[in-house]
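In: Requesting a structural model of the entry that follows:
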Amino acid sequence: RRRERQMCIRDRSNVTNVINSTIGCTIRWKIYANDTSNNWNVSDTYSYTTTGWLSGWSYRKKHIIINASGAGTNYQVRIKAYYGNSIEGAYLNLEKYSDNPLLTPTYDGSNQSIHPDVLYFENGWGNDANGQSWKYWMAMTPYPNADSSYENPSILVSNDGITWQEPPGLTNPIDPTPSSGHNADPELYYDSVNDILWCYYVEVSDSTTYIKRRNSTDGISWSSEEQVLSGPKGTLVSPAILEEDGTLYMWTRDKTTTPYTIKLRNSTDGGNTWSSPITCSFTNLPSGKDVWHVNVEKYNGKYYMELTVCDSGTTGANTRLYLAVSDDKINWDIMYEIIPVGQSGDWDDSMIYRASSLIINNTLKVWYSARQTGEIWHIGLATANITGDSGENVYLDEHCKTDFGDIRFTDDDGVTLLDYWMEEKVDFGY
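Out: Sure thing, here's the model as predicted:
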């Protein structure tokens, strides 16, 4: 039997009526009106079936908080909801290696180094003087007390990403100090088709910046130097190279623009020639900062940039390290700071500089260079596990506002709203 309730409203031309009703009820109404001659008119019948206010939302997730019998009622649980995916969550949860800084032997004996770039080979690569291959290959430059004259590209190897050495048979650097100016900013690229390891690097003179490169088939013997690109001083800095379907993409920083910019080029012939640059865009650049150094990787179809920023208009002052993400390599959203500076007296208490990341066996590994007060430079490691939704962690894959203002929680019926409060948040983060 159907039960209906009628409601009449008299002498009103503009009415707002709030109706409380259980979900699934059908509400019907007509509109009656009379004119000055008391002629009545009536509308068609309108109807609406009540639904839960969450029913029209485009995204919802079910997450088991407690999976145990007899859990009881009226208890509190803590949920950590991440704006992005589990990789972005891992960047937020990076933990510095307890024995940082890493020992990175340098040809000058200082063991101070900067600007790491690391590649990983599961089965090892190369052939050193002992006939050994290595899983990890790093390019870096010495930087003793910020002396750029030693900033020449050097190669180190490791089998655990922690203990590094010069590969037997190689004498660093692979490129000496130029006759004028200095080298900087090495970047490794592995050509898997031809089994060749390339090292790109920057050479800076009084008025010109060059990108040059050398290659090796064993990691020990390196080819003669090739010039790739040249431009005014301040351009073509910190090359970051990514291969995708046979095309190389290279990002560089341009300091001659205001604000500083990141430019993207591509090459379809293995890096011999490069396209004209495209200027990348960045949202959420921290106030008072310029883009400075970059590293780019692609994970699960998305591009991740470890972006070093510096005080606006300076030559790398007060650098900090941020994560930026992109779907197209050109338009980037800066998410949040990763790997903050250490406490006073720590080896990384002054600046965080260029970094390099890899995902190995569901572990995010980030090697980063940093400055200790007094112009002392070293390289360290930070890691985080990459997991899906588990425990208190839930990843929303960017299906919410960046400030989390549109998140709600319901019981397992998907309708009954649960009380909650926001204990802590980081925009774009958690």
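
In: neighbours of the closest residue in space to Asn159 that isn't next to it in sequence, just the number please.
Out: Distances taken as C-beta to C-beta, 6 or more residues apart in numbering put Lys135 closest to Asn159, at 5.0 Å, once the chain neighbours are dropped. Just so you know, the C-beta spots here come from the backbone N, C-alpha and C atoms, and that holds for glycine as well. When neighbours are defined as other C-beta atoms under 10 Å, Lys135 has 18 of them.

In: Please report how far Lys135 lies from Met250.
Out: Computed as C-beta to C-beta, to the nearest Å, the Lys135 to Met250 distance reads 25 Å.

In: just checking, Val291 touches Pro259?
Out: Yes. At 7.5 Å, Val291 counts as touching Pro259 under the criterion of C-beta atoms under 8 Å.

In: joint contacts of those two?
Out: Leu285 (C-beta atoms under 8 Å, 6 or more residues apart in numbering).

In: quick one, which of those two is more surrounded?
Out: Using other C-beta under 10 Å as the criterion, Val291 and Pro259 rank with Val291 on top: 26 against 12.

In: For that one, what is the enclosing helix or strand?
Out: Following DSSP states H and E, one finds Val291 within strand 289-299.

In: tell me the centre residue of the chain?
Out: In the chain, the residue lying closest to the centroid (C-alpha atoms, centre = their mean) is Leu323, at 3.5 Å.

In: Partner strands of the strand or helix carrying Tyr368 and their direction?
Out: Per DSSP H and E: Tyr368 is located in strand 363-372. When pairing is defined by DSSP bridges, strand 363-372 lines up against strand 351-360 (antiparallel), strand 376-385 (antiparallel).

In: orientation of that strand relative to strand 289-299 in degrees?
Out: Angle, strand 363-372 to strand 289-299, by axes from the mean of the first three to the mean of the last three C-alpha atoms, to 10 degrees: 150 degrees.

In: pLDDT averaged over strand 363-372 - what is it?
Out: The average pLDDT for strand 363-372 rounds to 98.

In: And for stretch 187-200?
Out: For stretch 187-200, the mean pLDDT works out to 98.

In: what separates it from the chain centre, distance-wise?
Out: Going by C-alpha atoms, centre = their mean, to the nearest Å, the spacing between the C-alpha centre of stretch 187-200 and its chain's C-alpha centre is 23 Å.

In: got the angle for whichever strand or helix holds the residue nearest to Asn159 vs strand 376-385?
Out: Lys135 belongs to strand 134-142 when elements are defined using DSSP H and E. With the same axes, to 10 degrees defining the directions, strand 134-142 sits at 150 degrees from strand 376-385.

In: Can we start the residue count at 74 from this point?
Out: Shifting the count to begin at 74 puts that one at strand 207-215.

In: give me the low-pLDDT residue ranges for the stretch 274-423 of the chain?
Out: Across the stretch 274-423 of the chain, nothing is flagged by pLDDT under 70.

In: would you list every one of the strands in it?
Out: With DSSP state E, counting those that start in this stretch as the criterion, the stretch 274-423 of the chain has strands at 281-289, 299-305, 310-317, 320-327, 334-340, 351-352, 354-356, 362-372, 375-384, 393-399, 404-410.

In: Would you mind finding the longest strand in this structure?
Out: Of all the segments of type strand in the chain, defined by DSSP state E, the longest one is strand 186-198.

In: in that one, what counts as buried?
Out: Of the residues in strand 186-198, Ser186, Ile187, His188, Pro189, Asp190, Val191, Leu192, Tyr193, Trp198 count as buried by neighbour count, 16 or more other C-beta atoms under 10 Å.
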